[in-house]
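Trainee: here's a sequence, model it:
(chains A and B)
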Amino acid sequence: AQSVTQLGSHVSVSEGALVLLRCNYSSSVPPYLFWYVQYPNQGLQLLLKYTSAATLVKGINGFEAEFKKSETSFHLTKPSAHMSDAAEYFCAVSDDPDAGGTSYGKLTFGQGTILTVHP
Amino acid sequence: DAGITQSPRHKVTETGTPVTLRCHQTENHRYMYWYRQDPGHGLRLIHYSYGVKDTDKGEVSDGYSVSRSKTEDFLLTLESATSSQTSVYFCAISVGDATNEKLFFGSGTQLSVL
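Mentor: Below you'll find the predicted structure:
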């Protein structure tokens, strides 16, 4: 069984400050790991994805995440926050292909972290 | 957005009534998923489909059924809605192959069961 824990349901930063959103996972096999962003009244959008290639993954909008197996972590960072980054962020894990055998769309999500950016 | 349309966008219904939500895609992708989103729980998988008439259960499938009679439509049915099924429901579609797979999400259906 897999699980995801996001530390902190709310994170507040100033514009220009470092963004750090924490995610820890549990998985019995090497996982695929994801970060998604959700803007108000919208669906989720993929920020980045780890699939066992490089441990440092770069995504869209200047975000990146580092896979640390020893810490079972996949924290999301951005060097300088922008007002447009305000949204809810979800970490997710997949380690089990679906019954068709070729898709890893069966995701287990964390509870989400709401990022607020102050001027 | 992988051509995903969810309908209706909003629905208010009464306890005990049947409700069907529709997810429609225009690009003939094989894999489709239904998730529900609740505060403090993130998103949880209800059911998914890996082809026409091929479906399987997710984490929170009790009280839900699905059907996929053609590639473009994946229907989620609440046979007898309960207040605990008040939620936002998202359809998702898997696009790409093993090396570059991405999930694209619809805009969601807000369901209120009174």
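Trainee: who's in contact with the lowest-mean-pLDDT helix or strand in chain B?
Mentor: Across the helices and strands of chain B, mean confidence by mean pLDDT, DSSP states H and E is lowest for strand B:102-105: a mean of 90. Contacts to strand B:102-105, defined as Cβ atoms under 8 Å, 6 or more residues apart in numbering or on different chains, come from residues A:43-46, A:49, A:105, A:107, B:1-2, B:4, B:33, B:35, B:90-96. The way it works is simple: take the backbone N, C-alpha and C, and place the C-beta from them, glycine included.
Trainee: can you mark which positions in it are buried?
Mentor: Residues of strand B:102-105 classed as buried: B:Leu103, B:Phe104, B:Phe105 (neighbour count, 16 or more other Cβ atoms under 10 Å in any protein chain shown).
Trainee: within range of chain B, give me the residues from chain A.
Mentor: A:4, A:9, A:41-46, A:49, A:51, A:90, A:92, A:98-100, A:102-112 (Cβ under 8 Å from any Cβ of the partner chain).
Trainee: buried ones among those?
Mentor: If you count burial by 16+ other Cβ under 10 Å, the buried members of those come out as A:4, A:43-46, A:49, A:51, A:90, A:92, A:98-100, A:103-112.
Trainee: for A:Cys23, grab phi and psi.
Mentor: Main-chain dihedrals, A:Cys23, degrees, to the nearest 10: phi -140, psi 130.
Trainee: surely it and A:His75 touch.
Mentor: Yes. Using Cβ atoms under 8 Å, A:Cys23 is in contact with A:His75, at 6.0 Å.
Trainee: give me the number of residues near residue 69?
Mentor: Because you didn't say which chain, this covers chain A. Neighbour count of A:Lys69, defined by other Cβ atoms under 10 Å in any protein chain shown: 11.
Trainee: that answer is for a different chain, and I need it for chain B
Mentor: Neighbourhood size, B:Ser69 [other Cβ under 10 Å]: 10.
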